[in-house]
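Novice: Next input, structure requested:
(chains A and B)
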Amino acid sequence: MFGGDPLLSGHVDLAVVLIVILKVVAVFAFLLVATMLMIWFERKVVSDFQNRVGPNTAGPFGILQTLADGIKFFFKEDLIPDRAERRVFILAPLLTVVPAFLLFTIVPFGGDFSNGHDGSVEIFGHTTYLQLADPAIGILFALAMSSIAVYGVMLAGWSSGSKYPLIGSVRASAQMVSYEAALGLSVCAVVLTTGTLSTHGIVMAQAGSGWGGFIPHWNLIAAGFVPFVVFLLASQAELNRPPFDLVEAEQELVGSYHTEYSSIRFALFFVAEFMNSVTMAAIIVTLFLGGPAGPALLGPGWLWGIIWFLLKMTAFLFLFVWVRSTVPRVRYDQLMDLGWKVLIPLSLGWLLLLATFWVARDQHWNGFITVAIGAVVGLTGYGLLKAAIATSKARRLEGVVD
Amino acid sequence: METAVFIVSALIVLAGGLGVVTSRNPVHAALSLIATLFGIAVLFLNLGAQLLAVVQVIVYTGAIVVLILFVMMLLGVDREEDLDTEPLVGQRLLAGLIGLLFLGAILAIIITGKDAIVTGSHSVTSAISPTVSNISQIGTALFTTYVFPLEVTAGLLTIAVVGAVVLSRRPRDLEPIPEPESMTDMGDEPLTAIPEEGAH
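Specialist: The predicted structure follows:
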């Protein structure tokens, strides 16, 4: 029922409950601090890219700027527009923040995976994993949370009773529903490779010394690079981050769904947005880069789990900011074309190819013939798709169809 | 513990269901529907059906209700409706009567077959095998016993998608529908004024 965590499989006494509460508090605090630092990091790095100074007054290197902003938000007047749908308007920011928090519960953020250990650590004499929950459905929970995260944005735009927020929220729901399919299909490829849905199991499958003793056994390589690239692109669209930030394209839509929000309610949207970036980086690391798995160079193994996790996550967060500050925003039709005509067919085709390889390995088929047939089928599919898109484009240019 | 979870989630399901039928605003009705579907997901979890619970959230709350809300916002039918006028005369009375009949039928079954139906024993809906996980059991069943229905459903969904695409891509240069004979042949003015050549 509670999944694979050895802490909950035995007798549950007071100490176990206290350890779970400790983990909840630790994850909550970690997420808040990480979000705070992420906001500072993003502002600082973007300002470096743009040859500005950025926040530099509050604390060393302006690191406390987010805290100062947060305190300021608390003391601002909380406005609710006259034409807003009151109850939904108040509910929407909460609907955005809660899934953002819940998403992180399944991420393994540490643990001793070095030298063949199974990632469990000892806390006060109890063996446990360094993750809040390890349900059997694991990564599906993340998909469920990211699919309900759209409600906050959608309802915020609608309940504001104003034009631009409504346009923004309609765009948001279309975009997030479109890219969820690609996101789910690339997760399928990972699940197929590792053979488990549990996030701890996915990390375990990637731990160990790897190919040739030094190339890590990451899904990035094991599932082929395609699912990783698809997941990375789709996650940026799902997060509404540049270059896919049409949902809050400031030049067109003012601030989109949070135009009418002020004070702490606006802060909640802002925090949720960056918290989702942090969590998405953590999930990418878990799925494709082995999460906290890595060699223990010196000292205790459990410490290195956390260090590897933080290092990998920070690398991805830097990548996010890098992309944001260098790639221009795509057009809306480009966004939809990328989602439906590139990412979904690509990840679907790759999933079939991977499944074929696994069956071939089980049944001891001739590897060369399998690869050849797979390539032929894949190329035929690509050709057909290309022809279909070309035909539809030609017909649209002729003016036969809309 | 299980009973407490059941009571709370059942209350949420019922409150959501009532909200769906009594809300004046369609968006509020859709929000109540979300609450109901979430409650059902929790009920699934309570029964140990984790996969069903997550699929319930991903498919129903995460996709279908999002689309319902999306269409409402796109078409602008998100305003409050006047529930005092009935589009179908007498439907409320009929609905109440049928509801009462249904309730009576269920009560009759329970009262007449007291010992056979209310056994007081616990539900027997549990996993077929406690050692194999839910997901592998469902997957195995889908791809062995039920592989034919699965493929037929896949075909059906593909047909639905193709149909939707065909319907949404209407040709642009269709002949305009001609005015009905009766409106032009009576010697009256045509309903839409046709501008004369060169005149502005």
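Novice: Check whether the residue of the stretch 1-150 of chain A found nearest chain B sits in a helix, strand or coil.
Specialist: Across the stretch 1-150 of chain A, the shortest distance to chain B (CB to the nearest CB) belongs to A:S147, at 2.8 Å. (Glycine included, C-beta is placed from N, CA and C.) State at A:S147, reduced to three classes by DSSP: H, G, I helix; E, B strand; the rest coil: helix.
Novice: Can you tell me which residues in chain B are near chain A?
Specialist: Applying CB under 8 Å from any CB of the partner chain, one finds that chain B approaches chain A through B:25, B:27-28, B:31, B:34, B:48, B:50-51, B:53-55, B:57-58, B:61-63, B:66-67, B:69-70, B:73-74, B:78, B:133-135, B:169-173.
Novice: Sort out for me which of those residues are in helices.
Specialist: Among the residues of chain B next to chain A, the residues falling in helices (DSSP state H) are B:27-28, B:31, B:34, B:50-51, B:53-55, B:66-67, B:69-70, B:73-74, B:134-135.
Novice: In this model B:M73 seems to touch B:P26, though I could be wrong.
Specialist: No: with contact defined as CB atoms under 8 Å, B:P26 does not reach B:M73; the gap is 10.2 Å.
Novice: that older thread, the residue of the stretch 1-150 of chain A closest to chain B: neighbour count?
Specialist: Counted with other CB atoms under 10 Å in any protein chain shown, the neighbours of A:S147 add up to 23.
Novice: Next up, the contacts around it.
Specialist: Neighbouring residues of A:S147 by CB atoms under 8 Å, 6 or more residues apart in numbering or on different chains: A:176, A:180, B:57-58, B:61-63, B:66.
Novice: Now it: closest residue in space that isn't a chain neighbour?
Specialist: Of all residues not flanking A:S147 in the chain, B:G62 sits nearest, at 2.8 Å (CB to CB, 6 or more residues apart in numbering or on different chains).
Novice: which residues touch the one you found?
Specialist: Taking CB under 8 Å, 6+ apart as the test, what B:G62 contacts is A:144, A:147-148, A:150, A:180.
Novice: before we move on, the earlier item: please convert the buried members of the residues of chain B next to chain A into ChimeraX selection syntax.
Specialist: Applying 16 or more other CB atoms under 10 Å in any protein chain shown to the residues of chain B next to chain A, the buried members can be selected in ChimeraX as follows:
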select /B:27,28,31,34,50,51,53,54,55,57,58,61,62,63,66,69,70,73,78,133,134,135
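Novice: just for chain B, where's the confidence low?
Specialist: B:78-83, B:115-132, B:170-200 (pLDDT under 70).
Novice: the strands in chain A, which residues?
Specialist: A:120-123, A:126-129 (DSSP state E).
Novice: how about the helices in chain B?
Specialist: Going by DSSP H, chain B shows helices at B:2-22, B:26-46, B:50-55, B:65-75, B:91-112, B:114-117, B:134-143, B:147-168, B:181-184.
Novice: Turn the ones you listed into TSV, including distance to A:L18.
Specialist: Output for the helices of chain B, formatted as TSV (distance: least, CB to CB, whole Å):
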stretch	distance to A:L18
helix B:2-22	22
helix B:26-46	24
helix B:50-55	26
helix B:65-75	38
helix B:91-112	46
helix B:114-117	45
helix B:134-143	30
helix B:147-168	46
helix B:181-184	83
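Novice: Out of those helices, flag the one nearest A:F316.
Specialist: Proximity to A:F316, assessed across the helices of chain B by CB to CB, is greatest for helix B:50-55 (25.3 Å).
Novice: Grab the nearest non-local neighbour of the residue in the stretch 201-350 of chain A positioned nearest to chain B.
Specialist: As assessed by CB to the nearest CB, chain B sits closest to A:G201 within the stretch 201-350 of chain A, at 10.8 Å. In this structure, A:G201 finds its nearest non-sequential neighbour in A:T194, 6.5 Å apart by CB to CB, 6+ apart.
Novice: ditto for A:G381
Specialist: That would be A:G349: by CB to CB, 6+ apart, it lies 5.9 Å from A:G381.
Novice: A:E180 against A:E238, yeah?
Specialist: Yes: shown here, A:E180 and A:E238 form a contact pair, counting by CB under 8 Å, at 6.9 Å.
Novice: Now the common contact residues for those two.
Specialist: Taking CB under 8 Å, 6+ apart as the contact rule, A:E180 and A:E238 both touch A:S146.
Novice: next one: stretch A:185-198 to chain centre, how far?
Specialist: 15 Å (CA atoms, centre = their mean, to the nearest Å).
Novice: for it, which positions count as buried?
Specialist: Applying 16+ other CB under 10 Å to stretch A:185-198 flags A:185-191, A:193-194, A:196-198 as buried.
Novice: Name the nearest of the residues you listed relative to chain B.
Specialist: For those, with chain B as the reference and CB to the nearest CB as the criterion, the closest is A:L197, at 6.3 Å.
Novice: Please name the residues that touch the residue lying closest to that closest one once chain neighbours are set aside.
Specialist: For A:L197, ignoring the flanking residues on the chain, the nearest one in space by CB to CB, 6+ apart is A:G138 at 4.3 Å. Neighbouring residues of A:G138 by CB under 8 Å, 6+ apart: A:3, A:106, A:196-202.
Novice: Which ones among those map onto helices?
Specialist: A:199-202.
Novice: returning to that earlier point: export the contacts of A:G138 to CSV and tack on pLDDT?
Specialist: Output for the contacts of A:G138, formatted as CSV (pLDDT from 0 to 100):
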residue, pLDDT
A:G3, 57
A:I106, 88
A:T196, 84
A:L197, 85
A:S198, 86
A:T199, 87
A:H200, 86
A:G201, 85
A:I202, 87
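Novice: and the residue of chain B nearest chain A?
Specialist: For chain B, CB to the nearest CB, closest residue to chain A: B:G62, 2.8 Å.
Novice: What's the separation between that residue and B:L74?
Specialist: To B:L74, B:G62 is 19 Å away according to CB to CB, to the nearest Å.
Novice: Likewise for B:L45?
Specialist: 33 Å.
Novice: Quick check: phi and psi on A:D118?
Specialist: Backbone torsions of A:D118, given as degrees, to the nearest 10, read phi -100, psi 20.
Novice: List the contacts of A:A15.
Specialist: Taking CB under 8 Å, 6+ apart, one finds A:124-126 in contact with A:A15.
Novice: Mark which of these are buried, thanks.
Specialist: Buried, going by 16+ other CB under 10 Å: A:H126, out of the contacts of A:A15.
Novice: Going along the chain, name the helices of the stretch 1-150 of chain A.
Specialist: A:6-9, A:14-49, A:65-74, A:86-103, A:139-148, A:150-159 (DSSP state H, counting those that start in this stretch).
Novice: Buried ones in the second one, by neighbour count?
Specialist: The one in question is helix A:14-49. A:16, A:19-20, A:23, A:27, A:31, A:34-47.
Novice: Within range of chain B, give me the residues from chain A.
Specialist: So chain A meets chain B at A:1, A:85, A:88, A:135-137, A:140-141, A:143-144, A:147-148, A:150-151, A:154-155, A:158, A:166, A:169-170, A:173-174, A:177, A:180, A:197, A:399-402 (CB under 8 Å from any CB).
Novice: rerun at 6 Å
Specialist: Within chain A, the positions adjacent to chain B are A:136-137, A:140, A:143-144, A:147-148, A:150, A:158, A:170, A:173, A:177, A:401-402 by CB under 6 Å from any CB of the partner chain.
Novice: Counting neighbours, which of those residues end up buried?
Specialist: Taking 16+ other CB under 10 Å as the criterion, what is buried in those is A:136-137, A:140, A:143-144, A:147-148, A:150, A:158, A:170, A:173, A:177.
Novice: Verify the stated contact: A:D112 with A:P300.
Specialist: No: look at A:D112 against A:P300 with CB atoms under 6 Å: they stay out of range, at 7.7 Å.
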